[in-house]
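J.: Got a predicted structure plus its sequence, pasted below:
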Amino acid sequence: MNRSSRLVLSWLISLFLLAGCGLLPEQIDETKDWSAQRLYSEAKDALTSGSYERAIDLYQKIEARYPFGRFAQQALLEEGYAYYKSGEPDSALATLDRFLKTYPNHPHTDYALYLKGVVNFNRGHSFIDVILPQDPSERDPGAARQSFGDFKELLQRFPDSPYAKDARQRMLFLRNNLARHEVHVAEFYIRRGAWVAAAGRAKEVIAHYQGTPAVPDALEILIDAYRRLGLDDLARDALRVLQRNYPQRAARLRHS
């Protein structure tokens with residue numbers, strides 16, 4: 001066989017092997033004959049060990065193969081937790097919403113609501129926060145408001161839930177931060193000379209976040225904004241409120 005014939009034969013063999021590889025299955029699914037119990041047990045082990053991608057894959061197999069079994073309900077709930085732990089909050093929330101819609105009377109509904117609150121509570125946090133800590137009140141308040149709403153629904157529907165105590169503590173933290181966020185915005189408007197907008201934000205804090213540490217700051221901003229707008233009567237009214245409730249802050253303001 002001459003050189004040209006050998007090259008042609010080699011090319012034909014390579015082409016045949018490549019075509020044959022295309023006929024082979026890409027991956028053999030070892031779980032295809034597993035029972036729902038086996039799938040759930042393996043998924044739970046993966047979740048516990050931190051193998052979240054594998055856990056999610058196995059939970060989804062339970063939902064697909066045994067959609068009406070008792071394991072499917074728990075699988076959907078734990079899938080939401082696995083998404084949360086794997087750093088996929090959007091998928092976690094979507095999964096938990098699907099659980100709440102599909103099983104509205106499930107005995108673990110309170111946990112699903114609590115977990116939604118926790119997911120939103122931690123949204124926006126990253127490893128950068130460890131290196132360069134950021135005041136939580138300076139973050140976008142959207143997720144904080146959603147988290148507050150999730151915990152509020154939990155407490156309204158399940159006031160005796162084992163997650164209620166932690167939810168209340170988180171709501172207090174969120175409320176303080178939301179109030180502080182409004183103060184940050186009001187301070188920004190003060191720096192820009194937008195006195196009306198600053199007064200509006202300050203009044204928002206005073207009206208809706210009573211009892212938070214941000215209220216005296218909001219009153220000071222309100223006094224400053226009213227004075228700059230020439231609304232001396234309103235400024236004096238705000239000062240009287242500050243004097244009555246925060247006399248030390250009022251004394252400092254008079255001497256500043």
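T.: Yes, it's here. Residues are numbered from 1 along each chain as shown.

J.: so what's the backbone phi/psi at Glu220?
T.: phi -60, psi -40 (degrees, to the nearest 10).

J.: roughly how far apart are it and Asp57?
T.: According to CB to CB, to the nearest Å, Glu220 and Asp57 sit 55 Å apart. Bear in mind the C-beta positions are built from the backbone N, C-alpha and C, glycine included.

J.: What's the mean pLDDT across stretch 94-112?
T.: Here stretch 94-112 scores 96 as its mean pLDDT.

J.: Give me the residues contacting it.
T.: The contact list for stretch 94-112, computed with CB atoms under 8 Å, 6 or more residues apart in numbering, reads 73-74, 76-77, 79-80, 83, 113, 115-116, 119, 154, 157-158, 161-163.

J.: Can you tell me how far Ala46 is from Asp57?
T.: For Ala46 relative to Asp57 (CB to CB), the value is 9 Å.

J.: element containing Gln169, please.
T.: Assigned by DSSP states H and E, Gln169 belongs to helix 164-192.

J.: residues of that helix that come out buried?
T.: Applying a neighbour-count criterion of 16 or more other CB atoms under 10 Å, one finds 164, 167, 170-171, 174-183, 185-187, 189-190 buried in helix 164-192.

J.: now that helix: how far from the chain's centre is it?
T.: Distance of helix 164-192 from the chain centroid (CA atoms, centre = their mean, to the nearest Å) equals 16 Å.

J.: repeat for stretch 211-220
T.: Using CA atoms, centre = their mean, the offset of stretch 211-220 from its chain centre is 27 Å.

J.: tell me which residues in it are buried?
T.: 212, 214-220.

J.: Kindly report the same for stretch 152-166.
T.: Within stretch 152-166, judged by 16+ other CB under 10 Å, the buried ones are 152-155, 158, 161, 163-164.

J.: for stretch 93-109, same thing?
T.: 93, 95-96, 99-100, 103, 106, 109.

J.: Restricting to C-alpha, output that stretch in CSV.
T.: Extracted in CSV, the C-alpha atoms of stretch 93-109 (Å, rounded to 0.1, in the frame of the first residue of the first chain):
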residue,chain,number,x,y,z
LEU,A,93,-36.9,32.9,45.8
ALA,A,94,-38.5,31.5,42.6
THR,A,95,-38.4,28.0,44.1
LEU,A,96,-39.8,29.0,47.4
ASP,A,97,-42.6,31.0,45.7
ARG,A,98,-43.4,27.8,43.7
PHE,A,99,-43.5,25.8,46.9
LEU,A,100,-45.9,28.3,48.6
LYS,A,101,-48.2,28.4,45.6
THR,A,102,-48.2,24.6,45.0
TYR,A,103,-48.6,23.6,48.7
PRO,A,104,-50.3,26.6,50.4
ASN,A,105,-51.3,24.5,53.4
HIS,A,106,-48.0,22.6,53.9
PRO,A,107,-47.0,22.2,57.6
HIS,A,108,-43.6,23.9,56.7
THR,A,109,-45.2,27.0,55.1
